[in-house]
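J.: Test case, fold it:
(one chain, ligands or ions: 1)
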Amino acid sequence: PDRYCVIGNPIAHSRSPRIHTLFAQLTGQALVYEAELVALDGFDAAVQQLVQAGTRGMNVTVPFKLEAAGLADSCSDRVQRAGAANTLVVGADGRIHADNTDGLGLVADIVRNAGVPLAGQRVLLLGAGGAAAGALAPLIAEAPALLVVCNRTHAKAQHLVDLHADLVQGASTQLQAMEADALAGPFDVVINATASSLQGAAIPVPGALLRPDALAYDTMYGPAAEPFLQWARQHGATGRDGLGMLVEQAAEAFALWRGVRPPSQPVLAQLRSELA
Ligand code: ATR
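T.: This is a model prediction of the structure:
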């Protein structure tokens with residue numbers, strides 16, 4: 001069977017082997033998918049070794065997404081803009097193509113699974129690191145009325161917006177970088193793509209920015225998402241963690257590798273029950 005893996009450091013916690021194994025079962029595809037722990041300074045060498053050993057595709061997670069974009073022989077427009085890749089496709093000739101399915105997964109989980117349309121909505125994206133960067137182009141593609149990027153380090157948010165400015169030219173979406181104290185609500189959807197929860201820091205924007213019943217989405221899941229989701233509920237919003245995003249980004253990667261779209265809903269339900 002063809003070989004695939006997820007590369008990261010740390011990697012023991014990764015749910016990707018479970019998800020892709022379920023996808024393979026549900027689609028009748030014969031493949032092996034494993035987790036590879038790679039030394040912090042050993043990403044390049046590890047990828048070359050895996051390619052030589054016949055690996056057909058890789059998912060890339062923290063902290064290697066930027067390096068993955070740099071090492072590829074070719075990359076998608078999404079990767080070029082985000083500067084980050086989470087999926088590598090290895091051709092028959094060993095050439096590596098990089099894509100980023102994180103933002104596609106985020107949008108699929110919000111629009112399809114949560115049933116919240118983004119078209120015409122006011123959306124606030126918190127963060128300007130790798131997670132936020134991957135989300136921007138797919139969010140713009142949904143044609144929100146307003147998309148504001150807000151980050152502790154404002155210059156990074158501005159840079160990200162500048163890199164995507166041409167995507168909203170002549171379109172109905174207004175794309176802006178704003179400092180936290182300049183934000184004016186209400187927002188229909190607020191997406192937390194910062195690492196603030198992990199560090200036990202406060203939510204970086206006031207709860208009054210959420211319209212009643214807004215969707216407050218954390219790109220993380222498990223305990224890391226809890227502070228943001230609690231904050232959201234306290235302010236009358238609906239909270240949703242990033243487990244669905246994880247499953248959907250995996251489904252997009254699986255489709256790139258195998259040319260078959262796996263059913264994501266039963267896999268998300270299965271993961272929820274396993275994590276409960
Ligand atoms: P990732 O790839 O997960 O996005 P990252 O690239 O390190 O990780 O980005 C982390 C994001 O969380 C950044 O937007 C960061 O803000 P800065 O650009 O100002 O560093 C944000 N972040 C991390 N800790 C934070 C905190 N305590 N409060 C607010 N934002 C925080």
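
J.: Can you point out the buried residues in stretch 59-75?
T.: Asn59, Val60, Thr61, Phe64, Lys65, Leu66, Glu67, Ala68, Ala69, Leu71, Ala72, Cys75 (16 or more other C-beta atoms under 10 Å). Placement of C-beta: from N, CA and C, glycine included.

J.: Go ahead and report the secondary structure state at Ala108.
T.: Taking DSSP: H, G, I helix; E, B strand; the rest coil as the rule, one finds Ala108 in the helix state.

J.: isn't it right next to Val247, touching?
T.: No: at 9.1 Å, Ala108 and Val247 do not qualify as touching, with contact defined as C-beta atoms under 8 Å.

J.: anything in contact with each of the two?
T.: By C-beta atoms under 8 Å, 6 or more residues apart in numbering, Ala108 and Val247 have these common neighbours: Ser264.

J.: Can you pick out the residue with more neighbours from those two?
T.: Taking Ala108 and Val247 together and counting by other C-beta atoms under 10 Å, Val247 has the greater number of neighbours (28 against 21).

J.: what does the stretch 1-150 of the chain have sitting close to the ligand?
T.: Taking C-beta under 6 Å from any ligand atom as the test, the list of the stretch 1-150 of the chain residues beside the ligand reads Gly127, Ala128, Gly129, Gly130, Ala131, Ala132.

J.: same thing with the stretch 151-276 of the chain?
T.: For the stretch 151-276 of the chain, the residues in contact with the ligand under the definition C-beta under 6 Å from any ligand atom are Asn151, Arg152, Thr153, Lys156, Ala193, Thr194, Ala195, Ser196, Gln199, Ala201, Pro204.

J.: So what's the residue count around the first one?
T.: For Asn151, the number of neighbouring residues by other C-beta under 10 Å comes to 24.

J.: now do the fourth one
T.: Other residues within reach of Lys156 by the criterion other C-beta under 10 Å amount to 17.

J.: and the closest residue to it other than its chain neighbours, which of the three is it?
T.: Counting by C-beta to C-beta, 6 or more residues apart in numbering, Ala128 is the residue found nearest to Lys156 once chain neighbours are left out, at 3.9 Å. Going by three-state DSSP, the secondary structure assigned to Ala128 is coil.

J.: contacting residues for Ala128?
T.: Residues touching Ala128, when contacts are defined by C-beta under 8 Å, 6+ apart, comprise Val149, Asn151, Thr153, Lys156, Ala157, His159, Leu160.

J.: how about those residues in JSON lines, adding secondary structure?
T.: JSON lines is the format used below for the contacts of Ala128 (three-state DSSP):
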{"residue": "Val149", "secondary structure": "strand"}
{"residue": "Asn151", "secondary structure": "coil"}
{"residue": "Thr153", "secondary structure": "coil"}
{"residue": "Lys156", "secondary structure": "helix"}
{"residue": "Ala157", "secondary structure": "helix"}
{"residue": "His159", "secondary structure": "helix"}
{"residue": "Leu160", "secondary structure": "helix"}
